[in-house]
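Novice: for reference, the sequence and a predicted model appear below.
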Amino acid sequence: MMAVRENGRLRNIVAAENEMAVLNQLLQAKYGDGVRVVNRGAPSAQAIELLNDRYKYQHNPPWPEVMKRSSARLILLNFATNDARQLSLPRH
């Protein structure tokens, strides 16, 4: 996913060969069609917000609730660029 500025606003674009699509292809090639990679990431979100139940996007239920209802057998959190902000903020 990448952000593009149009008319003063950021818009997210998902590239066809993004990390999730490639991971899905690799896992299906190894384990079969029963594997499905689903990206539920949100722009500007941080993994720490999910783990500390401070996810600020109100259109989503609390992450612990979502995980309890999930039929996923494996859940991956991608600690990425947004999570670096957590490490760079001064502690008070």
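Specialist: Looks like it came in fine.

Novice: quick one: the strands in the chain?
Specialist: For the chain, the strands defined by DSSP state E cover 2-6, 9-13.

Novice: so which of these is nearest residue 51?
Specialist: Nearest to residue 51 among these is strand 9-13; the distance by Cβ to Cβ comes to 23.0 Å. In short, each C-beta sits where N, CA and C put it, glycine included.

Novice: hang on, the earlier thing: now render the strands of the chain as a markdown table, adding mean neighbour count and mean pLDDT.
Specialist: Below are these laid out as a markdown table (neighbours: other Cβ atoms under 10 Å; pLDDT from 0 to 100):
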| stretch | mean neighbour count | mean pLDDT |
| --- | --- | --- |
| strand 2-6 | 9 | 75 |
| strand 9-13 | 10 | 78 |
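
Novice: got a markdown table for these, with distance to residue 54 too?
Specialist: What follows is the strands of the chain, written out as a markdown table (distance: least, Cβ to Cβ, whole Å):
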| stretch | distance to residue 54 |
| --- | --- |
| strand 2-6 | 23 |
| strand 9-13 | 22 |
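
Novice: for residue 74, find the nearest of these.
Specialist: Nearest of the strands of the chain (Cβ to Cβ): strand 9-13, 25.1 Å.

Novice: now find how far off-centre that closest one is within its chain.
Specialist: 16 Å (Cα atoms, centre = their mean, to the nearest Å).
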